[in-house]
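Q: Model the structure of this input:
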Amino acid sequence: MAQPVPDSSAPSAASRPLRAWQRRALTRYLATRPRDFLAVATPGAGKTTFGLRVAAELLADRTVEQVTVVTPTEHLKHQWAAAAAAAGIAIDPEFRNAMGATSRDFQGVAVTYAQVAAHPTLHRVRTENRKTLVILDEIHHAGDAKSWGEATREAFAPAVRRLALTGTPFRSDDNPIPFVNYEPDADGSQRSRADHSYGYSDALRDGVVRPVVFLAYSGEAHWRTSAGDEYTARLGEPLTQEQTARAWRTALDPTGEWMPAVLAAADTRLTQLRNNGVPDAGGLVIASDHVSAKAYAQILQRTTGREPVVVLSDDPRASARIGEFAESDDRWLVAVRMVSEGVDVPRLAVGVYATSASTPLFFAQAIGRFVRARRPGETASVFLPSVPVLLELASQLEAQRDHVLGKPHRPKDGWDDELLADANRTKDEPGEDERSFTALGASAELDQVIYDGSSFGTAALAGTEEEQDYLGLPGLLSPDQMRALLRQRQEKQLAEATRRRAAEPPPAPEPVAKPQTVQERLSHLRRELNTLVALHHHRTGKPHGRIHSELRGYCGGPPTPMATVEQLEERIATLRSW
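A: Residues are numbered from 1 along each chain as shown. Alright, predicted model coming up:
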């Protein structure tokens, strides 16, 4: 429904207090008054407030006569319109291409990049007819498809002012982003240049965002290929790309053991936060697809006894349901990727990253849903699969990224969404239509806790007291207190592991030893090896994957999931000698 013009007594955008970074950016903007301005600010920092303040200033001095806000999703159109109304600016989020115009009572419209691409000439004519400020929210989306970029450039080339906003301009392709300036880099490539940047580390220091604790869960995954061959692999160990993709997909399978265990752990963490300082804390599960989202919701309902809110992209009430969740006391929201970017639900404090998306852009935007600070001491907890690409992204959360043209800039290990999707997608063979593999199950254990770029803890099986030590972390802690407490928990865990090893009785004589199957023996040795790798990591600071690789280089042999009993025993003995 169209929104009325705000009452003249409503607080104007120009009168609302700004954060320090917003004041600095506004000062720079008003001093230079450029036609194009790119502001890069970490999710949760307040890009919307900054954009509306610029709009208010330009409307007030008649530099522009109308505002067009372009967003990646329908939900964000309404979110921008609501924020603009609160700031005294009337924006129509219901504008449709078929209408061609809106009421003169509005000072502008909110549209999506897809709308612009569907009829760029219409939007160009609107831009030409009145002096226009275009706010391009999350402008990296204008590079999602060549047609989107061309349409955005065509429609808004005549704009008097263009303000581009993004949480990160990083993309994993060479499609240039419209109205973004690129400058030569030392290697001859082109790197995006922001007019004002405000990164996660800056916002964390200022208390604008929450610190994030990542709880990475590994476990052994079992699957069968379409040829009938069965495989076992452990999440977090060095594997081929296909093996990691299938182990990851197996872990996320809602019919297995991994997801129920991780969802139960996440709900335990949510309860801890609610009982200790954050009574309205909410949780979000980011799923890969609609089928998985519905299945995860059923698991949560069995676990908690309460039905979670499920938001799917084909739901016409999706935006309303997200808004209702934000204002409610409901514990859990389950959604596909549509709640990964821009959506503002400040009470989200626990997340489950249950998707196979692996690009730095998606990961940063997804984690951005949990970092919006409300009061000092709040922390966010995000549960994720212990796979190398996600662990690297979690440990580099504070890294500043730019969009680079003209050279390969995929993650070092070659991971990206397209390759992962290819490893997971259905394979069509002559005369049959079946998945290239079938998930058989996966166990879950807390592999490590990542905070402030550092790893804490050693492997702990789901449901054990060691896992509960980390799930029971207080809900209100300063960054320094969180770091000190994690170190304390880790020292306790390591001391307990040392005490248990010292107290272990000598092995029984061989004739009396309990027989073990090959699978039981391999499982025991893999677990022992991974515990030793974690201990070595905490002594040396080397990543888990690098330690495994060094062991293979020293001892020889295949990756751990394919190693024999003798090879595993040799690696354990070698690591003990180190």
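
Q: Domain boundaries for the protein, per the record?
A: 13-204, 210-399+409-475, 514-577 (automatic domain parsing).

Q: Format those domains as CSV; extra columns: distance to K492.
A: (C-beta placed from N, C-alpha, C; glycine too.) Formatted as CSV, those follow (distance: least, CB to CB, whole Å):
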stretch, distance to K492
domain 13-204, 27
domain 210-399+409-475, 7
domain 514-577, 13
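
Q: what's the closest of those domains to R489?
A: domain 210-399+409-475 (5.2 Å; CB to CB).

Q: from the chain's centre, how far out does that closest one sit?
A: Computed by CA atoms, centre = their mean, to the nearest Å, the separation of domain 210-399+409-475 from the middle of its chain amounts to 9 Å.

Q: Now the terminal residues of it, how far apart.
A: One end of domain 210-399+409-475 sits 11 Å from the other (CA to CA, to the nearest Å).

Q: just use 358 as the starting number from now, easier for me
A: From this message on, residue numbering opens at 358, which makes the last subject domain 567-756+766-832.

Q: State the mean pLDDT of it.
A: Regarding domain 567-756+766-832, the rounded mean pLDDT is 81.

Q: got it, and stretch 380-400?
A: On average, stretch 380-400 scores 94.

Q: now do the same end-to-end measure for it.
A: Start-to-end, stretch 380-400 (CA to CA) is 17 Å.

Q: ok, now stretch 804-822?
A: 14 Å.

Q: try stretch 912-926
A: Termini of stretch 912-926 sit 10 Å apart (CA to CA).

Q: thinking again about what came up before, looking at the domains of the chain, which is closest to L843?
A: Between the domains of the chain, domain 567-756+766-832 lies closest to L843; by CB to CB that is 4.4 Å.

Q: Tell me how far stretch 419-436 lies from the chain's centre.
A: 25 Å.

Q: Now do the buried residues in it.
A: 421, 423-436 (16 or more other CB atoms under 10 Å).

Q: What ranges does the stretch 408-557 of the chain have for its helices?
A: Here the stretch 408-557 of the chain has its helices, by DSSP state H, counting those that start in this stretch, at 431-443, 470-475, 477-486, 503-513, 557-563.

Q: Reformat those as JSON lines; add distance to A396 and mean pLDDT.
A: Shown next, in JSON lines, are these (distance: least, CB to CB, whole Å; pLDDT from 0 to 100):
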{"stretch": "helix 431-443", "distance to A396": "15", "mean pLDDT": "92"}
{"stretch": "helix 470-475", "distance to A396": "18", "mean pLDDT": "94"}
{"stretch": "helix 477-486", "distance to A396": "21", "mean pLDDT": "96"}
{"stretch": "helix 503-513", "distance to A396": "17", "mean pLDDT": "90"}
{"stretch": "helix 557-563", "distance to A396": "13", "mean pLDDT": "85"}
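
Q: Can you lay out the ones you listed as a markdown table showing distance to R933?
A: Shown next, in a markdown table, are those (distance: least, CB to CB, whole Å):
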| stretch | distance to R933 |
| --- | --- |
| helix 431-443 | 54 |
| helix 470-475 | 57 |
| helix 477-486 | 66 |
| helix 503-513 | 56 |
| helix 557-563 | 38 |
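
Q: First-to-last residue distance for stretch 542-555?
A: Stretch 542-555 end-to-end distance (CA to CA) = 21 Å.

Q: Give me the buried positions along that stretch.
A: So for stretch 542-555, counting by 16+ other CB under 10 Å, buried means 547-549, 551-555.

Q: what pLDDT, on average, does it get?
A: 82.

Q: Centre of the chain to it, how far?
A: Using CA atoms, centre = their mean, the offset of stretch 542-555 from its chain centre is 24 Å.

Q: what do you get for stretch 445-457?
A: With CA atoms, centre = their mean, you get 31 Å for stretch 445-457.

Q: what's the first-to-last distance across that stretch?
A: 24 Å.

Q: before we move on, what about stretch 387-400?
A: For stretch 387-400, the end-to-end distance is 23 Å (CA to CA).

Q: Select the longest helix from the chain.
A: Secondary structure of the chain per DSSP state H: the longest helix is helix 836-860.

Q: What are the contacting residues of that one?
A: 561, 568, 570, 736, 806, 808-809, 811, 813-815, 817, 823, 826-827, 830-831, 834, 888, 892, 895 (CB atoms under 8 Å, 6 or more residues apart in numbering).

Q: Now it: buried residues?
A: Result for helix 836-860 [16+ other CB under 10 Å]: buried residues 836, 839-840, 842-843, 846-847, 850-851, 854.

Q: go on, stretch 613-629?
A: 613, 615-629.

Q: quick one: which of those residues sit in helices?
A: 615-629.

Q: What is the nearest of the buried residues of helix 836-860 to I643?
A: M839 (23.3 Å).

Q: so what pLDDT did the closest one get?
A: 86.

Q: And the strands in the stretch 508-657 of the chain, which stretches?
A: 518-523, 538-541, 547-550, 553-555, 569-575, 577-582, 587-591, 639-644 (DSSP state E, counting those that start in this stretch).

Q: Tell me which of the ones you listed sits most buried.
A: Most buried of those, by mean neighbour count (mean count of other CB atoms under 10 Å): strand 639-644, with a mean of 27.

Q: For that strand, name the packing helices and strands.
A: Applying 3 or more CB pairs under 8 Å, 6 or more residues apart in numbering; DSSP states H and E, we find strand 639-644 packed against helix 615-632, helix 647-661, strand 689-692, strand 705-711.

Q: Out of the helices of the stretch 408-557 of the chain, which gets nearest to P391?
A: helix 503-513 (14.8 Å).

Q: now that closest one against helix 477-486, angle please.
A: Here the directions of helix 503-513 and helix 477-486 differ by 20 degrees (axes from the mean of the first three to the mean of the last three CA atoms, to 10 degrees).
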